[in-house]
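Novice: got a sequence here, can you model it:
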Amino acid sequence: MPKAVIKGAGYALIHANDMVVTHGTTLTAEAAKNPDSQLFSDVAANLQSYEETVAYPPNQCYIGNVTPEELNNLPKPWYENGLENACRQGKMGEVMPLDEFIGIMKICDSFDLVMIEKDFVEHTKKALEAHGMFSAEEIATIGNGHDLEKIEPRVAEHKADPIMFDGKLVGCVKQAHDSDPNLNSHIMFENMVAKASGVVALKNLLIKNDIDPESIDYIIETSEEACGDMNQRGGGNFAKAIGEVAGLKNATGSDTRAFCAAPVHGLVNATALVSSGIFKNVVVVAGGATAKLGMNSKDHLKKGVPVLENAIGAFAILVSKDDGVSPFVRTDAIGRHRIGSGSSPQAVTSAIITDPLDKINLKITDIDKYSVEMQNPEITKPAGAGDVPEANYKMIAALGVKRGDIDRKELLNFVKQHGMTGWALTQGHIPSGVPYVGFAREALMNGEIKRAMIVGKGSLFLARMTNLFDGVSFILEQNTGIVEESSFSKDEVRSLIAESMRKLGESLVEDKE
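Specialist: Now for the predicted structure:
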């Protein structure tokens, strides 16, 4: 069977301070209970500026300018030690300012739901022209904008959700139906942001890896949002919507949903599609979630920490036919949390870590780097969740001790050697394994490591449908340089064709006689 390889990765962060206040669920829930809450002004006063967000070391790691190893050695707390001369553009992605992103929301607007104020239209157009991600023709679709007097009443009547920039109303996202709750303005805002941020990540994948958009055959979208109407809530399709704007003319696609684990499910499915020969190039993409902006802001304020959840995360990863260079996915060792696996941390970890290793006779120490739930500890610790990646690595190490793969005295050393500090925002699906894929690709191609395991975990009980947990994993390995085109050699194929022709000829002769 031909191998499927990771051909490239793209990442994006959207600076979204205003959306923290207007659309983060912690703030919107507070507004419903206490419209005059002090929390709003406290949060607004403790958000990182765009420049601070770009310079924040974990964000520089997310877009590829700082490696996880380098990040771990930088002075802490990171929010007090921003990097000098930090660049918005990274090797693998970018940190985009909100004014540009608002323009992209309009470019992504297929049903004229986004209204932008006239003066701001001119501002965002100029910003996007300077950026260069979109053509002049695409930028022109933003239009001429609207008078603020036409926007304000829609927001006041709750028929539109506000688009704010620097605390000022500059536009809105209208409801798409006057009675369908799945097409109200709040959900349309969330979905428009998910679509637009997915486009930014996908564009970064294509541009930074010199990939022809028309070479993509299939798209799998794996965010946590769901688009549809009241007759098919969550019916989709974000994948084709994102691909349409990004110019993937030859692709089709579908959405995969599995909470935080969805990206790894998507990558496993993409691997299967490529390995089977159905498609040559499959993109797995996910936009971000406005709901999780400022999610832990109350705890951050109590601990004197800036509100660090002020950006929307997105990513795009290309899975392709073996090129003889890029690292490949071991299809014979896919980890999965079965329905009968059990829900204890040990049971979950065994199912997605040690079970697939046992299939191919590897020890826990044979994986050089594990990418688990890579949440930034500066976000999770003040909120009482501890250091999430470290907890995962300690569980893996403990299983290694139990199995005899490592000595008990080496437990902490294992965490240091095979683990990494977290750097991703707490946007659910965004930190779940995939932030390291780009780094893993580079490290494997450079010979720095031989194997990496990408792990996604999810909490399915959030949907109130089951108490089960979820988890899936796969192993990336160095490419051997031997491209497996098919299960038969060229000579074998020629021989099979010749034999078939010979038998056909004999059959025709017999029929004639």
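
Novice: C-alpha only now, for contacts and for neighbours.
Specialist: OK.

Novice: flag the shaky bits of the stretch 351-500 of the chain, pLDDT-wise.
Specialist: Residue ranges of the stretch 351-500 of the chain with pLDDT under 70: 484-500.

Novice: show me where it has its strands.
Specialist: All strands of the stretch 351-500 of the chain, identified by DSSP state E, counting those that start in this stretch, fall at 369-371, 451-459, 469-477.

Novice: what strands line up against the shortest one, and which way round?
Specialist: For strand 369-371, sheet partners with direction are given as strand 451-459 (parallel), following DSSP bridges.

Novice: how far off strand 469-477 does the partner strand point, in degrees?
Specialist: 170 degrees (axes from the mean of the first three to the mean of the last three Cα atoms, to 10 degrees).

Novice: all further residue positions should be reported with the first residue as 28.
Specialist: Right, with 28 as the first residue, what we last looked at is strand 478-486.

Novice: what does strand 478-486 rub up against?
Specialist: Strand 478-486 is contacted by residues 285-292, 379, 393-400, 459-461, 463-464, 467, 471, 495-505 when judged by Cα atoms under 8 Å, 6 or more residues apart in numbering.

Novice: buried members of the residues you listed into ChimeraX, please.
Specialist: In ChimeraX, a selection of the buried entries from the contacts of strand 478-486 looks like this (16 or more other Cα atoms under 10 Å):
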select :285,286,287,288,289,290,291,292,379,394,395,396,397,398,399,400,459,460,461,463,464,467,471,495,496,497,498,499,500,501,502,503,504,505
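
Novice: and the helices in the stretch 28-177 of the chain?
Specialist: 44-50, 52-60, 66-72, 77-82, 84-89, 95-99, 125-134, 145-158, 163-167, 175-183 (DSSP state H, counting those that start in this stretch).

Novice: before we move on, back to that, how about the strands of the stretch 378-527 of the chain in TSV, adding distance to residue 430?
Specialist: Compiled in TSV, those are given as follows (distance: least, Cα to Cα, whole Å):
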stretch	distance to residue 430
strand 396-398	18
strand 478-486	18
strand 496-504	20
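
Novice: quick one: mean pLDDT for stretch 267-286?
Specialist: Here stretch 267-286 scores 98 as its mean pLDDT.

Novice: got it, and stretch 63-72?
Specialist: Here the average pLDDT along stretch 63-72 is 96.

Novice: mind listing what residue 477 touches?
Specialist: Residue 477 makes contact with 394-395, 471, 504-505 under the criterion Cα under 8 Å, 6+ apart.

Novice: any idea how far residue 120 is from it?
Specialist: Per Cα to Cα, to the nearest Å, residue 477 is found 25 Å from residue 120.

Novice: measure stretch 368-382 end to end?
Specialist: First-to-last distance for stretch 368-382 - Cα to Cα - comes to 11 Å.

Novice: tally of neighbours for residue 139?
Specialist: Residue 139 is flanked by 12 other residues according to other Cα atoms under 10 Å.

Novice: sorry, wrong one. I was asking about residue 100.
Specialist: The number of residues packed near residue 100 is 9, by other Cα under 10 Å.

Novice: what does residue 422 give?
Specialist: By the criterion of other Cα under 10 Å, residue 422 has 18 neighbours.

Novice: do the same with residue 305
Specialist: 11.

Novice: and for the one 4 residues further on?
Specialist: Using other Cα under 10 Å, residue 309 is surrounded by 30 other residues.

Novice: am I right that it is in a helix?
Specialist: No: under DSSP: H, G, I helix; E, B strand; the rest coil, residue 309 sits outside any helix and is assigned strand.

Novice: in the sheet, who's paired with it?
Specialist: Beta-bridge pairing of residue 309 under DSSP bridges involves residue 245, residue 346.

Novice: does it touch residue 301 like I think?
Specialist: Yes: if you go by Cα atoms under 8 Å, residue 309 and residue 301 touch, sitting 7.2 Å apart.

Novice: any shared contact partners between the two?
Specialist: 346-347.

Novice: helix, strand or coil for the most centrally placed residue in the chain?
Specialist: The centre of the chain sits closest to residue 342, judged by Cα atoms, centre = their mean, with a distance of 3.8 Å. Following three-state DSSP, we place residue 342 in the strand state.

Novice: quick one, phi psi at residue 476?
Specialist: Torsion angles at residue 476 (phi, psi; degrees, to the nearest 10) stand at phi -140, psi 160.

Novice: what is the burial count for it?
Specialist: Residue 476 - counted by other Cα under 10 Å - has 17 other residues nearby.

Novice: quick one, what contacts it?
Specialist: Residues counted as contacts of residue 476 (Cα under 8 Å, 6+ apart) are 395-396, 470.

Novice: what is the nearest of the residues you listed to residue 93?
Specialist: Nearest to residue 93 out of the contacts of residue 476 is residue 470 (Cα to Cα; 13.4 Å).
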